[in-house]
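In: sequence? don't have it. structure:
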């Protein structure tokens with residue numbers, strides 16, 4: 001067969017190659033030291049947290065009496081579990097009150113009248129005049145009874 005010519009790579013005399021990739025013994029010792037340090041840290045934290053639990057139990061005030069009954073309900077107003085249903089029932093109650101006769105105070109004889117009937121009676125009879133209080137003082141607008149800074153400076157409309 002033919003002669004093979006092998007071209008050699010250029011080499012620099014200061015270039016050296018490592019005999020192996022890593023130092024196996026040093027890597028193993030480093031890994032063991034990291035694991036041992038981690039376990040020492042975890043065990044120290046465990047004992048520290050155990051100390052804190054017992055310390056806080058001694059120092060903390062006793063729990064509130066209401067906490068003995070489980071989870072108490074939060075104060076009002078609370079979140080609605082079904083707002084659409086709540087609104088529907090509210091409107092149904094309001095509609096019933098507006099459209100039905102019912103007692104407001106039975107001992108005084110006060111009855112609620114349906115709104116349509118109340119408007120009809122009001123349209124037929126009108127609004128009854130109200131008695132003015134005895135100490136009511138009425139003034140003309142030009143009198144300037146309010147302290148506005150324009151007292152007696154503004155004339156009334158013709």
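Out: Now that the structure is in, tell me what you want to look at. Keep in mind that what you see is a predicted model, and the values were worked out from it rather than measured.
In: quick check: domain ranges of the chain?
Out: 28-59, 83-126 (automatic domain parsing).
In: Now distance to residue 14 and mean neighbour count too, for these, in a markdown table please.
Out: Every residue, glycine included, has its C-beta placed from N, CA and C. What follows is these, written out as a markdown table (distance: least, CB to CB, whole Å; neighbours: other CB atoms under 10 Å):
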| stretch | distance to residue 14 | mean neighbour count |
| --- | --- | --- |
| domain 28-59 | 30 | 10 |
| domain 83-126 | 82 | 10 |
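In: As TSV, those with mean pLDDT and distance to residue 67 would be great.
Out: Formatted as TSV, the domains of the chain follow (pLDDT from 0 to 100; distance: least, CB to CB, whole Å):
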stretch	mean pLDDT	distance to residue 67
domain 28-59	93	15
domain 83-126	93	30
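In: Kindly reformat these as a markdown table and extend each row with distance to residue 10.
Out: Converted to a markdown table, these look like this (distance: least, CB to CB, whole Å):
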| stretch | distance to residue 10 |
| --- | --- |
| domain 28-59 | 37 |
| domain 83-126 | 83 |
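In: Tell me which of these lies nearest to residue 74.
Out: For residue 74, the closest of these is domain 83-126, at 16.9 Å, according to CB to CB.
In: Pull the distance from that closest one to the chain's centre.
Out: Remark: domain 83-126 is offset 36 Å from the chain centroid, using CA atoms, centre = their mean, to the nearest Å.
In: what does stretch 75-92 give?
Out: Distance of stretch 75-92 from the chain centroid (CA atoms, centre = their mean) equals 18 Å.
In: end to end, how far does it reach?
Out: Stretch 75-92 stretches 27 Å from its first residue to its last (CA to CA, to the nearest Å).
In: how about residue 103, secondary structure?
Out: Three-state call for residue 103 (DSSP: H, G, I helix; E, B strand; the rest coil): strand.
In: Just give the nearest non-adjacent residue to it, would you?
Out: Of all residues not flanking residue 103 in the chain, residue 111 sits nearest, at 6.0 Å (CB to CB, 6 or more residues apart in numbering).
In: Show me what the helix or strand where the one you found lies is packed against.
Out: For residue 111, the element it lies in under DSSP states H and E is strand 110-112. Strand 110-112 sits against strand 102-105, with contacts defined as 3 or more CB pairs under 8 Å, 6 or more residues apart in numbering; DSSP states H and E.
In: Describe which strands the strand it packs on pairs with in its sheet and in which direction.
Out: Its sheet considered, strand 102-105 pairs with strand 110-112 (antiparallel) by DSSP bridges.
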